[in-house]
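**Q** Give me a model of this one.
(2 chains)
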Amino acid sequence: MIALAVIFAFLLAALGLGLRARRGRSMDLEQWSVGGRGFGTVFVFLLLAGEIYTTFTFLGASGWAYGKGAPAYYILCYASLAYVLSYWLLPAVWRYAKQHRLISQSDFFVAKFDSPLLGALVALVGVVAMVPYLVLQLKGLGIIVSVASDGRVSSHWAIVIGTVALTLYVTISGIHGSAWTSVLKDVAILAVVLILGIYLPLHYYGGVGEMFHAVDKAHPQLLTLPSSGMSASWFASTVLLSAVGFYMWPHTFSASYSAQNERVFRRNAIFMPLYQLILLFVFFAGFTAILVVPGLKGADADLSLLRITTATFPSWFVGIVGGAGLLTALVPGSLLLMTSATCLSKNVYRLARPGTSERHIGRLAQWLVPALALISLYFTFNGGSSIVSLLLMGYALVTQLFPALLASLAPRRFVTKQGAAAGIVVGVTTVAVVTLSDVTVGSLLPGLPQAVKDLNVGIIALVLNTVVMVAVSAVTRAESPAPATTAALRPEAAAGTG
Amino acid sequence: MKPIHLLGVIPFLGILGGIFIANRVTPYVLGMPFNLFWLVMWVVLISATMAVIYHLDPANREEHSS
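**A** Residues are numbered from 1 along each chain as shown, chains lettered A, B, ... in the order given. Now for the predicted structure:
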């Protein structure tokens, strides 16, 4: 019960910070969702880094190290490569977003392609991709509270309580709450991960090297990528797909709007990769758990980090670990909820009812938060996937926005709005069909070499997407040769907070 | 695209291509299996590469006044 009390204290602190951050600011939509575009290097760093250290890294990465071994290393790599891309991508996005006073990711597509309909499509894809991401945060919350309470609070109730807290927090404070809780979260998670990753191997084996030797002896296959399945070619394609998709998440994309200037991104590209190394200690903890708390199968591998914590430490420390874990679900969860709500109200509802006032859109966005939370709650209770597979699905979906985005940044526009839309639809449909029917590249085309069969299916969807985008653009362009480049400057594209 | 920006390609080669060669447990380096060490090394090298690009990129000098 001490553990639960400590976790509860973390929850209260997060709510308190969220409420305090609101004071003294009038909350129009631009203030509520992009912080008035006044965040410097440190806050943008925390927001974008806060996005990375989610329940996914905390429970999911250790769970995959525990259950799958070497394939978990992909988590260390993709974000680092995404930062390399960000050096060129984010300044271009930011500059355009500032010029046109954009708020959401779909605003960007609306303005670039001069097509509110395309914007609505992008918003819907984003929201659909965010549901598995939200579900995994809620799952994480449930795991943390129920393990920390020794099962006295069932994970169902834990998830319900967590969802209520999350919803309250977002509705009340918007992005200012996220930024401040990010500070608390990052300090807590940094400390906890370092302590666990260093102490656990030392305590049980006498060191990291000894721990890896013992694991290798007991499970000789675990520490290398297998020759089929999650092979090197799966690894490379998954890292590439996730790196490309990294900034396509609506919440990450629009969090970048909150920067003060574009140099913030270029400077962050140097430091963010180093921050990834914290993951190394998460892996150490997960690998240590293999022989200490054996027998967790399938999605239960996500429990490994907390099981080894309760088996090793006194109750108050379990509370601190759980509290830090709670924050890793709340901060990204709040960002996800807020962004989906903004997308839906601004880019989908507005399209259906063009005359709606800015104030009304803002109020609707706040009301959509609890509705979206309820939907995620439903899926949390009705799905059995592990944390990492949920995220991989979201990534495969959201990555389908990348070809159109890249095309829109080119100085000479070749891709038309029809081409962009067709590409996105084909890509997303491919991912959905493949995910729901459980086919792999290998089962579709059994004659291919193993390295091709193991490719992440998201890559195949991305290729189809690009081919369709180019083909449809070529056709529609021939029909209507009107230049698309000046269209973005029309006044309704700039309708931010007029 | 300035020539210095091409440096950004190197990390992709090191991680996406390198994993095919480096996928092995031995030799252990710093207590880590070789494949894990290889990837960690590249994460550090990414940071170094981006620092070099940042300092050589004229775009960051022009903006100093802002």
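**Q** which residues of the stretch 151-300 of chain A score low on pLDDT?
**A** Within the stretch 151-300 of chain A, the ranges that satisfy pLDDT under 70 run A:172-179.
**Q** Distance check, the residue of it found nearest chain B against residue A:371.
**A** For the stretch 151-300 of chain A, the residue closest to chain B is residue A:209, as judged by C-beta to the nearest C-beta, at 3.3 Å. Where C-beta positions appear, they are placed from N, C-alpha and C, glycine not excepted. Here the criterion is C-beta to C-beta, to the nearest Å. By it, residue A:209 lies 51 Å from residue A:371.
**Q** who has more neighbours, these two?
**A** residue A:209 (16 against 13; other C-beta atoms under 10 Å in any protein chain shown).
**Q** Surely that one and residue B:27 touch.
**A** No. Judged on C-beta atoms under 8 Å, residue A:209 makes no contact with residue B:27 at a distance of 11.2 Å.
**Q** who's in contact with residue A:464?
**A** Residue A:464 is in contact with A:426-427, A:430, counting by C-beta atoms under 8 Å, 6 or more residues apart in numbering or on different chains.
**Q** check which helix or strand covers it.
**A** For residue A:464, the host element (DSSP states H and E) is helix A:457-479.
**Q** next one: residue A:85
**A** Residue A:85 belongs to helix A:74-99, assigned by DSSP H and E.
**Q** circling back to that earlier point, any idea how far the residue of the stretch 151-300 of chain A closest to chain B is from residue A:13?
**A** In this view, residue A:209 and residue A:13 are 38 Å apart by C-beta to C-beta.
**Q** circling back to that earlier point, which among the contacts of residue A:464 gets closest to chain B?
**A** residue A:427 (21.0 Å).
**Q** Around the closest one, how many other residues sit close by?
**A** Counted by other C-beta under 10 Å, the residues lying close to residue A:427 total 29.
**Q** so which strand or helix has it?
**A** helix A:417-437.
**Q** mind checking pLDDT for residue A:487?
**A** Looking at residue A:487, its pLDDT stands at 43.
**Q** hmm, the strand or helix carrying residue A:199 touching chain B?
**A** Assessed by DSSP H and E, residue A:199 sits inside helix A:155-205. No. Remark: helix A:155-205 sits outside contact range of chain B, by C-beta under 8 Å from any C-beta of the partner chain, the gap being at least 8.6 Å.
**Q** And what about the most centrally placed residue in chain B, helix, strand or coil?
**A** For chain B, residue B:46 is the residue whose C-alpha lies nearest the centre (C-alpha atoms, centre = their mean; 2.5 Å). Recorded secondary structure, residue B:46: helix (DSSP: H, G, I helix; E, B strand; the rest coil).
**Q** Relative to chain A, how far out is it?
**A** With the distance defined as C-beta to the nearest C-beta, to the nearest Å, residue B:46 ends up 4 Å from chain A.
**Q** on contacts alone, who are the packing partners of the helix holding residue A:427?
**A** Other helices and strands packing on helix A:417-437, by 3 or more C-beta pairs under 8 Å, 6 or more residues apart in numbering or on different chains; DSSP states H and E, are helix A:105-113, helix A:116-148, helix A:387-398, helix A:402-409, helix A:457-479.
**Q** give me that answer again for 10 Å
**A** Here helix A:417-437 touches helix A:105-113, helix A:116-148, helix A:387-398, helix A:402-409, helix A:441-444, helix A:457-479, going by 3 or more C-beta pairs under 10 Å, 6 or more residues apart in numbering or on different chains; DSSP states H and E.
**Q** Name the residues of that helix that are buried.
**A** Across helix A:417-437, burial judged by 16 or more other C-beta atoms under 10 Å in any protein chain shown covers A:417-424, A:426-428, A:430-431, A:434-435.
**Q** Just the pLDDT for the closest residue to residue A:322 other than its chain neighbours.
**A** Leaving aside its chain neighbours, residue A:322 sits nearest to residue A:148 (3.9 Å; criterion: C-beta to C-beta, 6 or more residues apart in numbering or on different chains). pLDDT for residue A:148: 79.
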